[in-house]
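Colleague: Build me a model from this:
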Amino acid sequence: MTSSLRQDARVIALVGTSHGVSHFYHLILAGLFPWLKEAFTLSYSELGLLMTVFFVVSGIGQALSGFIVDRVGARRVLFTGQALLGLGALVLASAPNYAVLLAGSFVAGCGNAVFHPAGYTLLNHGVSKERLAYAFSVHGISGNIGWATAPIFLAGVATLSSWRTALLAASAIPFLMLLVLFLNRAVLPNRATVAKPGEQQGSSFAFLRLPPVWMCFGFFFLTSIALGGIQAFSSTSLVALYGITLGTAATAYTTFMLSSAAGMVAGGFLAARAHNHDRTIAVAFLFAAALALLLA
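Modeller: You can find the predicted model right below:
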């Protein structure tokens, strides 16, 4: 293995695993809803508000994190995100009431906010151009693995012990990841964005005038809506539409996530070789939409 390949592989592994931890935390509360509902006598609206706080804070914080990454560098921001995830889980684990659960969701949401701005910056600066497609593929796969493992891990620990123990165990994951990142910090670039001599800095919001920014925003906005709908309602919808058991519906969702991960592996190789990425994406999404209509 050449030094360049070794360097790229280490950066991809570190950033990808960090992204998996972030996605694990997307479901840290949803995986414990049955226990939280009983422990605090919560309604489904109150449970849903916990998720809303997490993702609203993540969304707003993600935009702000991009500016912070430009100022102080992606590595420091990534470290901070891991620490905040662990702290958020500790707050949730010790929560005596609903207000503290909301506070824990807020802290964890702040931690989750940093991962895309910091992770993509590290990949773009730390991975060779010819391997970027594979890097983004691994990045996506690791996120799916995080989603797939969270419910099993949390429900398993909560069943064997308690929901507080499950959250305490979950808090160890980002702290361990932070330790791994710190020990390998030399591999991760930490360059802040600096204007070249004689180059005008311009407005921090000048990027909003670029059409590709809005095209990417629209793409990820719409795909997030579709994925969120599948994550939240696929099991319920399949039971209602086809009269199958909840276990079978859950198995179908797991199959979807595993197939998505496999598709990302193939997509990494396809993206590295394709000449017209827009056409490739369009064909893939038309195929997915057709299958969704068939299921409906």
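
Colleague: mind listing what's buried in the helix or strand containing V21?
Modeller: V21 belongs to helix 3-26 when elements are defined using DSSP states H and E. Applying a neighbour-count criterion of 16 or more other C-beta atoms under 10 Å, one finds 8-26 buried in helix 3-26. C-beta coordinates here come from the backbone N, C-alpha and C atoms, glycine included.

Colleague: just stretch 142-149 next, same as before
Modeller: Buried residues in stretch 142-149, counted by 16+ other C-beta under 10 Å: 142-149.

Colleague: and the helix or strand containing E38, what other elements does it pack with?
Modeller: Using DSSP H and E, E38 sits within helix 33-40. Contacts defined by 3 or more C-beta pairs under 8 Å, 6 or more residues apart in numbering; DSSP states H and E place helix 33-40 against helix 44-72, helix 98-112, helix 163-183.

Colleague: hang on, N97 packs against T41?
Modeller: No. At 10.9 Å, N97 does not count as touching T41 under the criterion of C-beta atoms under 8 Å.

Colleague: Out of the helices and strands packed on helix 33-40, which is closest to A271?
Modeller: helix 44-72 (23.1 Å; C-beta to C-beta).

Colleague: What average pLDDT does that closest one get?
Modeller: Here helix 44-72 scores 90 as its mean pLDDT.

Colleague: For whichever strand or helix holds F219, the averaged confidence score.
Modeller: Taking DSSP H and E as the criterion, F219 maps to helix 211-242. The average pLDDT for helix 211-242 rounds to 77.

Colleague: how far does it sit from the chain's center?
Modeller: Mean C-alpha position of helix 211-242 versus that of the full chain (C-alpha atoms, centre = their mean, to the nearest Å) differs by 14 Å.

Colleague: what angle separates the helix holding V21 from helix 98-112?
Modeller: Interaxial angle, helix 3-26 versus helix 98-112 (axes from the mean of the first three to the mean of the last three C-alpha atoms, to 10 degrees): 160 degrees.

Colleague: Which strands or helices does helix 3-26 pack on?
Modeller: Using 3+ C-beta pairs under 8 Å, 6+ apart, the elements in contact with helix 3-26 are helix 74-93, helix 98-112, helix 115-126, helix 132-160, helix 163-183.

Colleague: I'd like to know which of those helices lies nearest to V283.
Modeller: With C-beta to C-beta, the closest approach to V283 among these belongs to helix 132-160: 17.2 Å.

Colleague: now that closest one, how far from the chain's geometric center?
Modeller: From the chain centre to the centre of helix 132-160 is a distance of 9 Å (C-alpha atoms, centre = their mean).

Colleague: Who are the packing partners of it?
Modeller: Counting contacts by 3+ C-beta pairs under 8 Å, 6+ apart, helix 132-160 packs against helix 3-26, helix 115-126, helix 163-183, helix 246-273.

Colleague: Comparing these by mean pLDDT, which bottoms out?
Modeller: Among these, helix 246-273 has the lowest mean pLDDT, at a mean of 75.

Colleague: Okay, angle between that helix and helix 132-160 too, please.
Modeller: When the same axes, to 10 degrees is applied, the directions of helix 246-273 and helix 132-160 differ by 160 degrees.

Colleague: Tell me the buried residues in helix 246-273?
Modeller: Those would be 249, 253, 260-261, 263-264, 267-268, 271, for helix 246-273 by 16+ other C-beta under 10 Å.

Colleague: Check stretch 128-146 too.
Modeller: 131-146.

Colleague: per the record, what domains does the protein have?
Modeller: Domain assignment of the chain by automatic domain parsing yields the ranges 1-129+139-188, 211-296.
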